[in-house]
Every structure is written in C-alpha cells, then in structure tokens.
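> Give me a model of this one.
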Amino acid sequence: MHKEEGAKRPLLYFYLLMCNLRHKTENKGSREEYCYKAVKSGKYIELYIYKDKNFKRKTKETNDLMKIINDWDITENEKKDKKEEEMKDVVEEFAPVQKLDNNLRRTQKRLRRVINSNLGQYEEQDKFLTLTCPKLKSREKACRMFKSFIKNLRYNYGNEIQYIAVMEIQNGDRLEDPSKATKDIHFHVLLFNCPYIPQKVLQDKVWKHGIVDIRKIQDYTDISGYLVNYLSKDDTLCVKGKKSYFPSKKLKKPTEEISMNEDLIFKFLSDTRNEVQFSTEYFVERVGNISYMKLIQKDDDESEISIIS
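Numbers count the residues shown, from 1 in each chain. Got it, this is the predicted structure:
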C-alpha cells in the first residue's frame with residue numbers, strides 16, 4: 001500500500017508543477033509600471049517622483065501551488081542541508097555593517113508608517129506602555145512572555161485592543177550612569193483602543209513579571225519617531241527571519257498609489273488640507289534622482305481657519 005502511494009507522488013508533483021507553470025504564464029503580463037508614488041499613513045502623505053527610471057511592480061496574486069511544491073515530501077537529509085544553508089545565510093546577512101544599517105532604515109520606515117496610520121484612529125485614547133522584567137536576557141523567552149501578556153489583556157479587556165511593540169536591551173545609552181545598565185530586555189508598546197486599566201492591576205494581574213508604566217498620549221508630536229528610536233541592531237534581538245517589532249494583525253495599514261501620470265502628485269498637492277512639511281532631492285545608485293515630499297493633512301476645521309485668515 002505504501003509503495004503504491006510512493007509511486008503516485010512523482011506524478012502528483014509533476015501535475016502540480018505543470019499547473020503552477022500554466023498559472024505563471026497566464027499572469028505573466030500582470031505588472032504595473034510607475035514613476036510616481038504616493039504613500040498615505042494616517043495624516044501623513046509621502047510623494048516620490050523617480051526622474052531617471054520607470055519601475056514595474058507585480059500585482060498581488062496567490063501562489064498556493066508553489067508553496068505546496070516547496071513543502072512537498074522533504075527528506076531528513078534535505079531538511080538538514082536546508083538548515084545549514086539557512087545558518088550560512090544568517091552569518092552572511094549580519095556580517096556587513098552597511099547592510100545592517102540599510103535593513104534598520106527600511107524597518108524604521110515601515111514601522112513609522114504603520115504607527116502614523118493608527119494614531120488617533122480609535123475610540124479609546126492611545127496609550128504608551130513599558131513592560132520590564134528583571135534578568136530577562138533571552139529573546140525567545142521575552143517573546144513568549146509578551147504573547148502571554150497580550151492574551152491576558154485581550155481576554156480581560158476586549159479583543160479589539162491593538163498594539164505595536166518594540167523590544168529593547170537596556171545598554172546604558174539612555175542612563176546618566178551607563179555602568180548601571182542591566183542588559184535586560186524590556187518592551188515599549190503603543191496600545192490602541194484599550195480602555196482604562198489601573199496601573200497596579202496591569203502590573204500584578206496581567207503582566208506579572210515586573211514594573212509596568214502606562215500613560216495616555218497627550219502630545220502626538222512625533223510619537224512614531226519616539227518608538228522607532230528604540231529599534232536596535234543588537235545581535236540578541238536582530239535575528240534573520242524574525243521581526244524586530246511586533247504589530248497586531250488588525251492594525252490599519254498605510255495605503256500606496258502608483259502611476260505613470262503626474263496627476264497623482266497634483267491630486268495631493270492641490271488639496272487645500274495638505275501642507276508641505278518637508279521636501280528634498282537625492283540620488284540612489286541603480287535608481288537615479290528622486291524628488292521626495294512629505295505632506296501633513298490638516299483637519300477640516302484647521303484648513304478652514306487657514307483659508308479665512
């Protein structure tokens with residue numbers, strides 16, 4: 001019986017492969033070309049004008065067949081070889097300092113956009129939370145503890161609570177006396193749609209591992225920059241294939257528009273609610289010259305006042 005099943009496997013593999021090739025052929029032309037791009041994150045809008053080169057982007061499509069094929073019947077030796085290759089990639093990934101810096105900058109940009117997309121978007125006032133635990137050195141243990149904390153928080157206070165968390169190691173950079181650094185891992189968290197919870201309850205009954213500090217956000221000036229600064233290049237926290245920040249799944253996402261027509265840029269610049277906050281031009285190798293503008297969208301009341309004045 002097992003021999004017959006083994007004989008059928010190559011045929012099924014070949015069938016899935018042919019189906020995937022046909023699927024790719026049918027969707028080969030599904031690419032969008034652009035030289036203008038707009039990214040909207042909450043009240044912030046970023047405009048890009050690529051002057052020297054047009055880009056093509058694949059339209060989103062599911063490719064479940066390829067995933068089935070890649071995961072199909074891997075022997076123990078293949079698993080071992082695959083693991084060794086992955087470990088080699090980890091070493092190569094984190095060896096060059098320049099590559100680390102580039103990865104960090106991309107992560108900071110993504111995180112900043114996600115934060116801006118969610119600030120002030122919920123019924124409950126946004127909150128800033130810090131979770132500490134003495135002698136916490138392991139990334140894996142810290143992740144398990146945070147996952148348990150979120151589970152307890154939502155069980156007791158509602159599944160609609162959303163969050164963005166960043167891990168940091170206390171290395172003394174922000175202490176007056178760096179020699180007092182504990183090297184412990186702790187969490188900085190933005191909570192969205194979270195009701196009022198007494199600090200003592202949060203500390204003793206929900207977190208249970210150490211000191212908790214929670215505060216309502218009163219001043220929204222560069223909250224994203226404040227949290228982004230906690231992202232670290234520390235080897236303990238930077239692991240290939242693992243995120244350096246933890247967003248909940250139902251957060252609001254930044255939106256992106258692309259076009260070959262400059263009307264996309266004029267659409268945002270002509271809106272009276274939008275004000276240019278920053279603009280610059282720069283050069284990127286293999287991309288060319290880029291014009292960049294960052295706009296901030298005022299509330300309707302604010303824009304009306306500025307027009308009257």
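
> At which residues are the helices of this protein located?
Using DSSP state H, the helices of the chain run over 2-26, 64-70, 76-94, 97-118, 139-157, 199-201, 223-228, 263-269, 300-308.

> could you dump stretch 44-55 to PDB, C-alpha only?
Provided in PDB are the C-alpha atoms of stretch 44-55 (Å, rounded to 0.1, in the frame of the first residue of the first chain):
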ATOM      1  CA  TYR A  44       1.000  62.000   6.600                       C
ATOM      2  CA  ILE A  45       1.500  61.600   2.800                       C
ATOM      3  CA  GLU A  46       4.800  60.800   1.100                       C
ATOM      4  CA  LEU A  47       5.300  61.600  -2.500                       C
ATOM      5  CA  TYR A  48       8.000  60.100  -4.700                       C
ATOM      6  CA  ILE A  49       9.000  61.200  -8.200                       C
ATOM      7  CA  TYR A  50      11.500  58.900  -9.900                       C
ATOM      8  CA  LYS A  51      13.200  61.000 -12.600                       C
ATOM      9  CA  ASP A  52      15.600  58.700 -14.300                       C
ATOM     10  CA  LYS A  53      13.900  55.300 -14.300                       C
ATOM     11  CA  ASN A  54      10.500  53.700 -14.500                       C
ATOM     12  CA  PHE A  55       9.600  50.700 -12.300                       C
END
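
> For that stretch, list every residue counted as buried.
Buried residues in stretch 44-55, counted by 16 or more other Cβ atoms under 10 Å: Tyr44, Ile45, Glu46, Leu47, Tyr48, Ile49, Tyr50. Placement of C-beta: from N, CA and C, glycine included.

> which regions of the protein lie under the pLDDT threshold?
For the chain, applying pLDDT under 70 flags the ranges 1-16, 18-30, 59-101, 172-181, 232-241, 300-309.

> Now with 80, please.
Applying pLDDT under 80 to the chain flags residues 1-30, 58-104, 170-182, 220-222, 231-244, 299-309.

> quick one on the thing from earlier: would you turn the buried residues of stretch 44-55 into TSV with distance to Lys242?
Listed next are these as TSV, based on distance: Cβ to Cβ, whole Å:
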residue	distance to Lys242
Tyr44	28
Ile45	31
Glu46	27
Leu47	32
Tyr48	29
Ile49	35
Tyr50	32
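
> which one of these is nearest Tyr157?
Tyr44 (29.4 Å; Cβ to Cβ).

> Tell me the spacing between that closest one and Gln277.
Applying Cβ to Cβ, to the nearest Å, one obtains 8 Å for the distance of Tyr44 from Gln277.

> try Glu168
Noted for Glu168: a distance of 28 Å to Gln277, by Cβ to Cβ.

> Which residue of the two possesses the greater neighbour count?
Each of Glu168 and Gln277 has its neighbours counted (other Cβ atoms under 10 Å); Glu168 has more, 19 against 11.

> Please name the bridge partners of the more buried one.
Beta-bridge partners for Glu168, by DSSP bridges, are His186.

> Contacts for stretch 260-269, please.
Residues from elsewhere that reach stretch 260-269, judged by Cβ atoms under 8 Å, 6 or more residues apart in numbering: 33-38, 45, 47, 49, 54, 257-258, 274, 276, 293, 295.

> For that stretch, which residues meet the burial criterion?
Leu264, Ile265, Phe268.
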